[in-house]
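> Here's a sequence, model it:
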Amino acid sequence: MDLSHFVSSVTPSATLEFNKKALELARSGEDVVKFTAGEPDFPTPRPIVDAAIKALNEGKTKYTNAAGIDELRKAIALKLQKENNMTYSPEEIVVANGGKQAIYNVLKALLNVGDEVIIISPAWVSYEAQILLCGGVPVIVQADVERDFIPEINEIESSITDKTKAIMINSPNNPTGAIYPESFLEELADLCIKEDLFVISDEVYEKLVFDASHLSIASMDGMKERSAVINAFSKTYAMTGWRVGYSATSTKLAKEISKIQSHLASNVNTIAQYAALKAFEVDTSSMVEEFRKRRDLVVSRLSEIGLKFSKPAGAFYVFIDIRPYLGRRYVNSNEFALGLLEEQKVGMVPGSAFSCEGFIRMSYSSSVEELKKGIDRFGRFLKAI
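Predicted coordinates for the structure are as follows:
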């Protein structure tokens with residue numbers, strides 16, 4: 001029996017696969033330093049956990065509106081207004097099972113078979129897969145380390161065809177930590193209006209910023225109706241396993257997304273929604289400051305080794321150029337990452353997973369002690385090549 005060609009066209013998430021390999025080695029008794037996972041190593045703040053327990057005790061265990069509980073959608077709309085200068089009604093918010101499903105819902109509501117979506121590489125692993133699953137065609141535009149991974153507008157413009165439907169952006173960026181400046185976003189907004197393109201703006205690392213402020217393209221003149229803002233509670237509030245994210249779109253698109261949500265998942269876990277509601281009252285600035293300290297440590301240590309990379313301005317990753325080390329023992333970044341894990345027991349994710357060969361992603365969501373130990377091992381590995 002033939003299976004879906006949409007599904008057969010994609011591969012499993014490389015970040016989860018390499019994280020799985022690192023965990024398997026650790027379970028076998030190896031001392032593994034894991035720089036693979038894209039999640040904070042902090043526990044979910046206690047008030048959020050207590051809110052979930054309270055919801056359970058109060059019997060809030062039934063189905064909800066497919067788009068999410070009213071209280072949460074109102075809180076999200078208020079947050080967008082206060083923090084991002086964007087006006088959305090609660091009806092324009094759809095709560096999803098993490099930012100990942102929020103993106104999929106938007107793509108499913110937007111794309112017809114053969115529609116093209118521009119992706120800026122290096123790009124999060126699931127963008128390309130989700131576009132393919134929805135029958136779309138991913139079109140890759142490369143951003144270079146020499147420009148701190150900020151894409152060139154003329155290269156985006158030259159990739160537009162009569163089949164281009166949308167462009168996907170991610171700032172702060174996974175895997176590079178780049179934050180797109182206002183000047184770039186203004187140029188991109190002008191281009192999208194001129195070419196009648198839609199923008200999917202993944203902003204899940206919005207609060208994890210160090211050297212620049214976050215700005216949403218949807219807040220710019222003429223962009224709300226042609227944008228979908230994606231956000232989640234996973235990274236900011238250390239709630240990766242709770243699976244709560246959301247999309248903010250036009251009323252017309254939100255209605256279509258709600259239909260998808262109702263048939264695909266009914267609703268997000270009810271208890272998790274009440275926990276997410278409480279998150280808006282929690283201050284996570286201390287977590288951000290700790291990530292800043294770790295970022296500075298990692299940047300200093302990698303610079304001492306002599307590695308080339310762009311200093312991350314946000315998120316909790318550094319995307320390292322390993323091209324000088326390829327061609328001898330290791331042909332590509334996948335072989336390099338496997339060798340690093342097997343020989344030095346350090347887990348990182350190959351750049352090929354992010355449509356960018358010749359690089360490797362290091363997550364610094366680990367303790368200072370683990371960061372020092374892992375970078376020491378990484379240095380030894382490089383010397384042995």
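> Show me where the chain has its helices.
Secondary structure of the chain, counting by DSSP state H: helices at 5-8, 14-27, 46-57, 70-84, 98-110, 125-133, 153-158, 182-195, 251-264, 270-279, 285-305, 333-344, 368-384.
> out of those helices, deepest packed?
Of all the helices of the chain, helix 98-110 carries the top mean neighbour count, a mean of 24, counting by mean count of other C-beta atoms under 10 Å. Using the backbone N, CA and C atoms, a C-beta is placed for each residue, glycine as well.
> list the contacts for the nearest residue to Lys293 once chain neighbours are set aside?
Of all residues not flanking Lys293 in the chain, Val368 sits nearest, at 7.7 Å (C-beta to C-beta, 6 or more residues apart in numbering). Applying C-beta atoms under 8 Å, 6 or more residues apart in numbering to Val368 gives the contacts Lys293, Arg294, Leu297.
> Would you check how far apart the second one and Thr161 are?
Relative to Thr161, Arg294 is positioned 42 Å away (criterion: C-beta to C-beta, to the nearest Å).
> Check the first one too.
For Lys293, the distance to Thr161 under the criterion C-beta to C-beta works out to 45 Å.
> residue contacts, the residue positioned nearest the centre of the chain?
Centroid-nearest residue in the chain: Asn174, 5.3 Å away (criterion: C-alpha atoms, centre = their mean). Counting by C-beta under 8 Å, 6+ apart, Asn174 makes contact with Gly38, Trp124, Tyr205, Ala315, Tyr317.
> circling back to that earlier point, could you dump the helices of the chain to TSV with distance to Val209 and mean pLDDT?
Formatted as TSV, the helices of the chain follow (distance: least, C-beta to C-beta, whole Å; pLDDT from 0 to 100):
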stretch	distance to Val209	mean pLDDT
helix 5-8	36	82
helix 14-27	22	79
helix 46-57	21	98
helix 70-84	12	98
helix 98-110	17	98
helix 125-133	21	95
helix 153-158	23	98
helix 182-195	14	98
helix 251-264	27	97
helix 270-279	18	98
helix 285-305	8	97
helix 333-344	27	94
helix 368-384	20	97
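> what's the closest of those helices to Phe233?
Nearest to Phe233 among these is helix 270-279 (4.9 Å), distances taken as C-beta to C-beta.
> which residues touch Arg226?
Applying C-beta under 8 Å, 6+ apart, the residues contacting Arg226 are Cys192, Ile193, Asp196, Leu197, Phe198, Val199.
> surely the fourth one meets Ala166?
Yes. With contact taken as C-beta atoms under 8 Å, Leu197 and Ala166 are classed as touching, separated by 6.1 Å.
> who has more neighbours, those two?
Ala166 (23 against 18; other C-beta atoms under 10 Å).
> Now that one: closest residue in space, sequence neighbours ignored.
Phe198 (4.1 Å).
> just Glu281 next, same as before
Nearest to Glu281 is Pro47, by C-beta to C-beta, 6+ apart, at 6.7 Å.
> list the contacts for the one you found?
Lys278, Glu281, Val282.
> can I get these in a markdown table with distance to Ala232?
Formatted as a markdown table, these follow (distance: C-beta to C-beta, whole Å):
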| residue | distance to Ala232 |
| --- | --- |
| Lys278 | 15 |
| Glu281 | 17 |
| Val282 | 15 |
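> quick check, nearest of these to His214?
Closest to His214, out of all of the contacts of Pro47 and judged by C-beta to C-beta, is Val282, at 18.4 Å.
> Now list the buried members of the contacts of Asn174.
Gly38, Trp124, Tyr205, Ala315, Tyr317 (16 or more other C-beta atoms under 10 Å).
> The last one and Glu116, how far apart?
Read that as Tyr317. In terms of C-beta to C-beta, Tyr317 sits 27 Å off from Glu116.
> Could you chop the protein up by domain?
Residue ranges for each domain of the chain read 5-44+284-384, 46-279, as given by automatic domain parsing.
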